[in-house]
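Visitor: Kindly generate the corresponding structure for this input.
(one chain, ligands or ions: 1)
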Amino acid sequence: MATVQLLSSTDMLNGEPWQGQVTSASGSQFTAGTPPVAITFTGSFALSSAGLSGIVDGAVQTRNDVQQLLISGLAEDAAAVQGVLAPAQSRPELYAWLLRADDTVTGSMQPDLLAGFRGTDTLDGGAGIDGAFYSGERAGYQATKTGGAWQVVDHSGLDGVDTLVNVERLSFEDVSVALDLEGNAGTVARILGAVFGRHAVASTELAGIGLRLADTGTTAEALVQLALDHRLGPWHTTDDVVNLLYTNVTGTPPPQQQLAVYRGWLDSGLYSEASLGLYAAQTGENEAGIGLAGLAQTGLAFV
Ligand SMILES: [Ca+2]
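Guide: Numbering: from 1, shown residues only. Model (predicted):
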């Protein structure tokens, strides 16, 4: 059982080239890796012509000499670790081996991509929009919301039963899933329903475009305007906007009287196209139409 602490924004699946030769060794630690990344293993070792022997109990990964990732609670044979460090081994492969049992991984204050690999793991993303990585396709897993946490069960048994807190995204081989329906995923789902229609929440492409914009700081109103411009073209009229939003939210075109009311809101400047779109997106009727309550239990799929 290992405990991993990420100290700065880290993608544990970053497959950057990495050479894992041991570059220095003493009785209490040995270091492997090539700049800018090095991993120093601690424990109690003996060095002989036959190689390293002893037990590894922890590790610290540095990037440009700054600590990035700490692992404690290891109980690995030093020679076995050295074997896994063989040249051309990628760091994700190393992590997968070190974390093959039941582990706890805690993210940094920034966005991270965490992985517990096999075993029954606890992943806590901490602050930031964090992802958890699973190596198989989504259909092979069951993700269930249980209070403030998510439980991810791997039907094949390889990845075990994981408990996730403060994790906003799941990354599978074929698709990703946004879990933060109370955050950016909810904003994106509502806007998709109001601007593209309730069935658009099933579009993994549109959801992905919206999430990437929202996650990089695009405001909800700016997202609405981008969506309207995309859906209606840049030269649309205010009536086009009202017709589109009303029809998508209610399922029928607006009666003339309603059309006049909303046209008045836009013409008077009470609402902008974007704020009217957000108003429509946040109505209970739109939330019901897109099945927001259900999405909160399953997540919003995106690519
Ligand atoms: Ca594990």
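
Visitor: Sort out which residues of stretch 250-264 are buried, please.
Guide: 254, 259, 262, 263 (16 or more other CB atoms under 10 Å). For every residue, glycine as well, the C-beta is placed using N, CA and C.

Visitor: Need those residues in CSV (columns: secondary structure, distance to residue 234 and pLDDT).
Guide: Shown next, in CSV, are the buried residues of stretch 250-264 (DSSP: H, G, I helix; E, B strand; the rest coil; distance: CB to CB, whole Å; pLDDT from 0 to 100):
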residue, secondary structure, distance to residue 234, pLDDT
254, coil, 23, 98
259, helix, 22, 97
262, helix, 20, 97
263, helix, 19, 97
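
Visitor: What distance do you get for residue 247 to residue 266?
Guide: 16 Å (CB to CB, to the nearest Å).

Visitor: do residue 82 as well
Guide: Taken as CB to CB, the span from residue 82 to residue 266 is 69 Å.

Visitor: More neighbours: which of these two?
Guide: residue 82 (22 against 18; other CB atoms under 10 Å).

Visitor: Once you drop chain neighbours, what's closest to the more buried one?
Guide: residue 52 (5.4 Å; CB to CB, 6 or more residues apart in numbering).

Visitor: Give me the buried stretch members for the strand or helix carrying the one you found, please.
Guide: Assessed by DSSP states H and E, residue 52 sits inside strand 51-63. Residues of strand 51-63 classed as buried: 52, 54, 56, 57, 58, 59, 60, 61, 62, 63 (neighbour count, 16+ other CB under 10 Å).

Visitor: Quick check: can you name the pairing partners of it and their directions?
Guide: Strand 51-63 has its sheet partners listed here by DSSP bridges as strand 37-48 (antiparallel), strand 66-77 (antiparallel).

Visitor: Against residue 172, how distant is residue 136?
Guide: Relative to residue 172, and taking CB to CB, residue 136 is found at 7 Å.

Visitor: of the two, who's got more company?
Guide: Between residue 136 and residue 172, counted using other CB under 10 Å, the more crowded position is residue 172 (20 against 15).

Visitor: now the strands for the stretch 201-303 of the chain?
Guide: Secondary structure of the stretch 201-303 of the chain (DSSP state E, counting those that start in this stretch): strands at 300-302.

Visitor: what's near enough to touch the one residue in the chain that gets nearest to the ion?
Guide: Proximity of the chain to the ion (CB to the ion) peaks at residue 119, 3.4 Å away. Counting by CB atoms under 8 Å, 6 or more residues apart in numbering, residue 119 touches 99, 100, 101, 102, 103, 159, 160.
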